[in-house]
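Undergrad: with the input below, show me the fold.
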Amino acid sequence: MPLAGGSFATDANTIVDGIARWIDSAPLRGLVDRFGGPWPDGNLAAVLGGLDDFSGRYWDFRGGRERPEAREPDLDPVTTASVRAAADALGLVRAVPPARARYAHLLVLGGLAHACLRRVAYAAHLLRRGVRVAGEVAVLGSFRPLSEAERRTLAAAGVTGGDTEVDALDAAVRLAFGVSRPAEQDGLDAGHPHHSWSSRTYRPAGTPPVRVLAAPSSEPERRRAHTADTQRFWAGHARLASGDEVLLVTAPIYVPFQHCDALRTLALPYGCGIDTVGADPAVPDLARLPEPTLTPGRYLQEIRSAIRAMRALYAASTADA
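TA: The predicted model follows:
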């Protein structure tokens with residue numbers, strides 16, 4: 001199924017049409033029916049609100065916690081198969097290659113330690129295989145503390161001494177691009193990680209500059225920086241122009257929701273085209289790196305994330321209507 005909002009879309013009407021197709025699709029309708037929910041009545045805004053509420057009751061296994069702390073639901077075999085089939089049809093399972101050979105910028109989205117290693121390695125692989133980037137490769141994260149499990153993941157890959165997500169991303173850049181120290185550094189230590197930021201730019205031979213950026217939170221009293229915060233913060237540092245095409249690298253399971261976040265934070269305000277891809281596990285460089293088990297609960301949680309991201313994108317797309 002095409003990404004909600006469409007790849008490279010910058011027009012609000014095109015984005016809304018794409019949201020409607022994804023939301024009103026047979027796989028999502030079938031999944032809601034499988035969990036006993038009536039399909040919400042009303043226009044697209046009402047349906048999005050209803051699905052947000054429904055998924056909050058039945059598919060939210062985090063309860064405000066970080067993803068590794070989410071519980072796994074006890075589902076029967078038929079429901080498990082239905083979840084996996086729906087996730088595949090909705091674009092959360094299979095990796096799709098970039099649609100273009102050339103982009104203005106390449107963004108790598110941060111995450112858990114294993115994701116930092118895999119996504120940065122995939123970005124380096126794309127550059128080696130001929131994807132051209134006119135501007136920079138930006139690796140986006142935050143000062144989220146690493147868990148003990150993440151530290152063990154990094155240690156197994158030969159990385160020690162990191163304390164935060166951005167440390168894991170920095171280590172991943174050094175491993176994947178063969179660099180040892182940044183050419184430029186900047187930042188602000190505000191005394192609290194939710195307020196602080198940092199920027200480290202590497203200049204590997206034969207590739208565009210690689211910037212590792214830790215963003216502050218837009219709601220520092222409530223939470224750490226999230227994906228949309230990192231994208232907005234990067235946009236404030238990059239010289240984006242209307243018509244620029246930006247490639248985002250994440251994991252397949254997060255493509256639908258993070259694509260919508262990028263449309264909201266980059267495409268609508270800047271007029272940038274967005275192509276969002278998941279790191280391909282078949283790439284040899286990724287085969288040696290740790291990969292988590294993707295369970296039915298994980299897929300349901302990220303289908304909910306996609307619904308919520310589309311609700312926010314719809315609101316932004318129709319704000320002036």
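
Undergrad: tell me the contacts of Leu140?
TA: By Cβ atoms under 8 Å, 6 or more residues apart in numbering, the residues touching Leu140 are Leu107, Val108, Leu109, Gly110, Leu169, Leu213, Ala215, Thr227, Thr230, Gln231, Phe233, Trp234. Where C-beta positions appear, they are placed from N, C-alpha and C, glycine not excepted.

Undergrad: residues contacting Arg304?
TA: By Cβ under 8 Å, 6+ apart, the contact list for Arg304 reads Asp52, Ser55, Gly56, Trp59, Asp60.

Undergrad: if you set the cut-off to 10 Å instead, what comes out?
TA: The contact partners of Arg304, by Cβ atoms under 10 Å, 6 or more residues apart in numbering, come to Leu51, Asp52, Phe54, Ser55, Gly56, Tyr58, Trp59, Asp60, Phe61, Arg62, Phe257.

Undergrad: contacting residues around the residue nearest to Glu245 when sequence neighbours are not counted?
TA: The shortest distance from Glu245 to any residue that is not its chain neighbour, by Cβ to Cβ, 6 or more residues apart in numbering, is 4.2 Å, and that residue is Gly273. Shown in contact with Gly273 (Cβ under 10 Å, 6+ apart): 6-10, 99-100, 103-104, 242-247, 263, 266-267.

Undergrad: can you report phi and psi for Ile274?
TA: For Ile274, the backbone dihedrals are phi -120, psi 130 (criterion: degrees, to the nearest 10).

Undergrad: need the three-state assignment for Leu247.
TA: The assignment at Leu247 comes out as strand when based on DSSP: H, G, I helix; E, B strand; the rest coil.

Undergrad: what about it, how many neighbours?
TA: 24 (other Cβ atoms under 10 Å).

Undergrad: on that earlier part again, which member of the contacts of Leu140 is positioned nearest Val16?
TA: Ranked by distance to Val16 (Cβ to Cβ), these are led by Gln231 at 20.3 Å.

Undergrad: surely the closest one forms part of a helix?
TA: Yes: read with three-state DSSP, Gln231 is one of the residues of a helix.

Undergrad: right, and it touches His259 too?
TA: No: using Cβ atoms under 10 Å, Gln231 and His259 do not qualify as a contacting pair, with a distance of 11.2 Å.

Undergrad: looking at those two, which is more packed in?
TA: When neighbours are counted by other Cβ under 10 Å, Gln231 and His259 differ, and His259 comes out ahead with 28 against 24.

Undergrad: any idea which element that one lies in?
TA: For His259, the element it lies in under DSSP states H and E is helix 255-262.

Undergrad: do the same with Asp17
TA: Of the helices and strands defined by DSSP H and E, Asp17 is found in helix 12-23.

Undergrad: next, the angle from that helix to helix 255-262.
TA: Helix 12-23 runs at 160 degrees relative to helix 255-262, counting by axes from the mean of the first three to the mean of the last three Cα atoms, to 10 degrees.

Undergrad: any idea how far helix 12-23 is from the middle of the chain?
TA: On the basis of Cα atoms, centre = their mean, to the nearest Å, helix 12-23 is displaced by 19 Å from the centre of the chain it belongs to.

Undergrad: how about stretch 274-293?
TA: Its chain's average C-alpha position is 13 Å from that of stretch 274-293, according to Cα atoms, centre = their mean.

Undergrad: what comes up buried for it?
TA: Buried residues in stretch 274-293, counted by 16 or more other Cβ atoms under 10 Å: Ile274, Asp275, Thr276, Val277, Gly278, Ala279, Asp280, Val283, Leu286, Leu289, Pro290.

Undergrad: my read is that Gly278 contacts Val108, right?
TA: No: taking contact to mean Cβ under 10 Å, the distance of 11.8 Å between Gly278 and Val108 leaves them out of contact.

Undergrad: now do the shared contacts for those two.
TA: In terms of Cβ under 10 Å, 6+ apart, Gly278 and Val108 are both contacted by the residues Arg119, Tyr122, Leu248, Val249, Thr250.

Undergrad: identify the residues contacting the residue nearest to Val131 when sequence neighbours are not counted.
TA: Counting by Cβ to Cβ, 6+ apart, the nearest residue to Val131 once its immediate chain neighbours are dropped is Pro98, at 5.9 Å. Pro98 sits next to Ser7, Leu106, Leu126, Arg129, Val131, Glu245, Leu247, Leu248, Val249, Asp275, Thr276, Val277 when contact means Cβ under 10 Å, 6+ apart.

Undergrad: spatially central residue for the protein, please.
TA: Within the chain, the residue whose C-alpha comes closest to the C-alpha centroid is Gln258; the distance, by Cα atoms, centre = their mean, is 4.0 Å.

Undergrad: in contact with Ala183, which residues?
TA: With Cβ under 10 Å, 6+ apart as the criterion, the residues that contact Ala183 are Arg200, Thr201, Tyr202, Arg203, Pro204, Pro209, Val210.
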